[in-house]
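K.L.:
what follows is a predicted structure for the sequence shown.
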Amino acid sequence: MKVLKFGGTSCGTVESIQQVIQILQDNIAKGERIAVVYSAMGGVTNKLIEIGRMASKGNVEYFDALKAVEERHFAAIRGLIDIKNQSSSIAKVRGLVNELEDLLKGISLIRELSARTLDLLMSFGERLSTTIITEALKARGVKAEFCDARTLIRTNDHFGYAEVDFEVTNAQILAHFARTDAMQCITGFIASTAEGITTTLGRGGSDYTGSIFGAALDADVIEIWTDVDGMMTADPRKVSTAFTIPTITYAEAMELSHFGAKVIYPPSLQPAFVKNIPIKVLNTFNVASEGTTVHTTSDETPFAITGISSIDDIALVNVQGSGLIGVAGVSARLFSALSRHKISVILISQASSEHSICFAIDPKNADRAKEVLDQTFAPEISAGDIDRDGIQIQKNVSIIAIVGEGMRRSTGVSGKLFTALGKNGINVIATAQGSSELNISVVIQKNDLSKALNAIHGVFFQSEVRTLNLFIVGTGLIGSTFLKQLSAQSDYLAKEKLLKVNVVGLARSKKMWLNPEGISLTHWKQELDENGKTTSLPAFVQRIREFNLPNSVFIDCTSDKDIIHYYHPLLDASVSVVTPNKVANSSSYAEYRRLQQTAVRKGVKFLYETNVGAGLPIINTIQGLMASGDKFVKIEAILSGTLSFIFNSFVAGTRFVDIVGEAKEKGYTEPDPRDDLSGLDVARKILILARETGVGLEMSDIQIAPILPDNCLQAPTVADFFTELENSDAYFAGLLQAAAEKGEKLRYIATLENGKATLQLRTVDADHPFYSLSGADNIVSFTTERYNSRPLVVKGPGAGAEVTASGVFADVMSISSYLS
Ligand SMILES: NC(=O)C1=CN([C@@H]2O[C@H](COP(=O)(O)OP(=O)(O)OC[C@H]3O[C@@H](n4cnc5c(N)ncnc54)[C@H](OP(=O)(O)O)[C@@H]3O)[C@@H](O)[C@H]2O)C=CC1
Ligand SMILES: N[C@@H](CC=O)C(=O)O
Ligand code: NA
């Protein structure tokens, strides 16, 4: 025997009922003996309540609303049953509607809608839907029989959520089924008292009806047919990567339902659990899906938890004071006061210091709870045993619960949970874990809910692709090359790293465009042009904060001097920052430190490997040596790709100005090449290296020996600059010739030693390690306590679009590993 239950959406339209009938016929064809429970047509219960309220207020419009309900049911008959078989269904539905009309007339006369009357009123929903479906089945030759559950399920008179008398109910169900072998079409949700007064089993109670019948009949399985593919690892409306849980235990399903997963009505699990009958949650609209099976044991999965659930809106109550320490009976008084006022508690947390008790309740009870507790603890508040401001209530908070029996088998589950939250800057306000190790709950700010759910889902269900959300400012040479590399690698990242990189925001100087669904990596230019709004960096940053997406990374690919003002607020909002732009790290030392510290404090990353030597591992090398306790003695380096290229290419027969132009064309120079040739770019880099090694220099401390004659240095525009370079041809040729005569080469070398940084244009001979460079090579020689007699040398191309973009890419990847 199998008991099937179909919910409101399944019974909602002619098409869905046809689908239900198909499912039933498939079962019959397989020779299954089935009993079927139906909900009211979707939305009808709410409509009946609304109509009842209208009638009780004397609002005569209830009559039109009733007509609409009646018409909906007649339309279902017309759609489901051929015309010559309709008369008996029409008569039955008309009979029910007449009864309903009488009831509403009564309500409107006495202007009262008691809980008892409301139960009777609501019962028409299931009675109507079940009548129609039974008739439709009969019209198709199925031996079906309407079964009014009020004649079988016996409850007390707690109207609205009546409690079942299982002894009487089970006996009545068994006796009824012994009398007939017709397929029973059972009204969900409704029952009656011993006196025959109609009751209901609580909203969602049709599931419960299914479980009551299934348990009484010792069914092999209870199938709950709904409009989703079973229970999901998280609410798919909030977590797009959520997936169906194939098997789950009763305890886990109960826990998930308690914390907001509305797929199964929690009380319905109990009768099935007692009889050890599996419950299958299946999708009427996707019969191919396996759904979820709720059972005593769940299958082994690679995941430490089974699912994540949340209650979006709760209020957190905190009772705090030194007078609570060691005083017996405080919590007893507290919770009995709440219970007397029927305020149900969702979560409780008390530190072992006993200094405070904190618990979560439905926000609609918050003000009443405060009143009740202020009264209950009035003596303690006036004596100062409970803090002056008494009982504090925090609203706009949510609970997230991670649930799974697997927690008992694995260690580190809570560590993983809190790390995921911490790395996304989500503050945990309160936390609770039952000693059953089935559930860990955290209370967080409501505006962090979606971010938190996604971050937690990402770390616990890692076989699912994780998402990194990028906001890129600057789509020039480096920004666009990075986007090109990202596009080329996106399949690899998805397959090999289970990583989806979502570009959510793009900005250039004129236009910006944000789209949380993700901007196309191939058509971003077009999207930006077509949809972009006028760039406003404050607005761009504000949107990032409002989106509040997990794993957010801001990438600054500009050379803008003011953009650094946004780094701090972004880090502070737990957004990681990656940048090839050297401006921030070469501004004041105080600002440099502040950025580092904010990133550490917020548990996010501030990465800028490409600030020095483009993609070459220079910053990372220093950070590694520093972390391991090495001490820097000296750094000697060629840090400009542009200058390196110039001095490698400037040979007899060439013109200095042409070589500078070539460096610009090859993408080695700064957006403004004067920054390279003035020594500013190298000065910024050695300043950053000094700071990384713990030497807190300022820009003014760097001794810069110029490469250029004054006329070039003072050129007011880039065009003038090139003219002046041309005018100084003889000067550069002279420099070159002087070096060549000694058999040496020109090199612009930065040195950091004894806390001093200097930049100098020097000539080096063939024995010097910096002699043989080519292209835009950088070379950095680190002399440290450990690398002493032979320095550690990093050498390679230190400028250019591809190597710089790939350095930015590597920083982004390191954030992704950190977050996972
Ligand atoms: N070239 C290299 O080898 C290396 C470069 N870098 C650094 O990379 C950074 C980018 O260089 P590169 O790509 O060559 O520069 P580009 O001039 O090619 O691109 C700069 C981009 O930033 C945009 N931009 C400038 N100001 C703003 C602003 N206020 N708001 C929004 N967008 C803005 C520009 O917009 P628009 O397109 O509208 O003009 C452009 O898209 C620089 O900081 C540079 O120092 C670091 C290491 C190596
Ligand atoms: N303009 C810079 C680019 C890298 O930082 C250089 O030439 O090195
Ligand atoms: Na680098």
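P.N.:
Sure thing, it's come through. Numbering: from 1, shown residues only. Ligands and ions are numbered 1, 2, ... in the order given.
K.L.:
give me the element the most centrally placed residue in the chain is part of.
P.N.:
With distances taken as CA atoms, centre = their mean, the chain has residue 454 as the residue nearest its mean C-alpha position (2.3 Å). Using DSSP states H and E, residue 454 sits within helix 449-460.
K.L.:
picking up where we left off before, now the residue nearest to the centre of the chain, nearest residue through space, not along the chain?
P.N.:
The shortest distance from residue 454 to any non-neighbouring residue, by CB to CB, 6 or more residues apart in numbering, is to residue 550 (4.6 Å). C-beta: built from backbone N, CA, C; applies to glycine.
K.L.:
pretty sure the one you found contacts residue 455?
P.N.:
Yes: shown here, residue 550 and residue 455 form a contact pair, counting by CB atoms under 8 Å, at 3.8 Å.
K.L.:
which residues do the two both contact?
P.N.:
residue 424 (CB atoms under 8 Å, 6 or more residues apart in numbering).
K.L.:
quick check, residue 563 in contact with residue 473.
P.N.:
Yes: Residue 563 is within contact range of residue 473, at 6.6 Å (criterion: CB under 8 Å).
K.L.:
give me the pLDDT for the closest residue in space to residue 191 that isn't next to it in sequence.
P.N.:
The shortest distance from residue 191 to any non-neighbouring residue, by CB to CB, 6+ apart, is to residue 153 (3.6 Å). For residue 153, the pLDDT comes out at 98.
K.L.:
and residue 153, how far from residue 3?
P.N.:
13 Å (CB to CB, to the nearest Å).
K.L.:
circling back to that earlier point, can you pull the phi and psi angles for the residue nearest to residue 191?
P.N.:
For residue 153, the backbone dihedrals (degrees, to the nearest 10) come out as phi -90, psi 120.
K.L.:
can you tell me which residues contact it?
P.N.:
By CB under 8 Å, 6+ apart, the neighbours of residue 153 are 164, 169, 172, 173, 190, 191, 192, 201, 209, 212.
K.L.:
of the residues you listed, which belong to strands?
P.N.:
Applying DSSP state E to the contacts of residue 153, the entries found in strands are 190, 191, 192.
K.L.:
hmm, residue 206 and the second one touching each other?
P.N.:
To tie it back to what came earlier, the one meant is residue 191. No: taking CB under 8 Å as the definition, residue 191 is not a contact partner of residue 206, at 11.4 Å.
K.L.:
measure the residue nearest to residue 191 to residue 75 for me?
P.N.:
Taking CB to CB, one finds residue 153 at 30 Å from residue 75.
K.L.:
which is the next helix or strand following the helix holding residue 454?
P.N.:
strand 466-473.
K.L.:
and that next one, how far out from the chain's middle?
P.N.:
Centroid separation between strand 466-473 and its chain, computed with CA atoms, centre = their mean, to the nearest Å, is 13 Å.
K.L.:
what is the orientation angle of the helix or strand just after it with strand 466-473?
P.N.:
As assigned by DSSP H and E, the chain's next helix or strand after strand 466-473 is helix 477-496. If you take axes from the mean of the first three to the mean of the last three CA atoms, to 10 degrees, helix 477-496 sits at 170 degrees to strand 466-473.
K.L.:
show me the contacts for the residue in the stretch 701-820 of the chain positioned nearest to ligand 2.
P.N.:
Here the stretch 701-820 of the chain gets closest to ligand 2 at one residue, residue 799, 3.8 Å apart by CB to the nearest ligand atom. Neighbour list for residue 799: 614, 640, 641, 642, 644, 645, 667, 668, 669, 776, 778 [criterion: CB under 8 Å, 6+ apart].
K.L.:
what does the nearest residue to residue 618 once chain neighbours are set aside show for phi and psi?
P.N.:
Among residues not flanking residue 618 along the chain, residue 612 sits closest, at 4.8 Å (CB to CB, 6+ apart). Backbone torsions of residue 612, given as degrees, to the nearest 10, read phi -130, psi 130.
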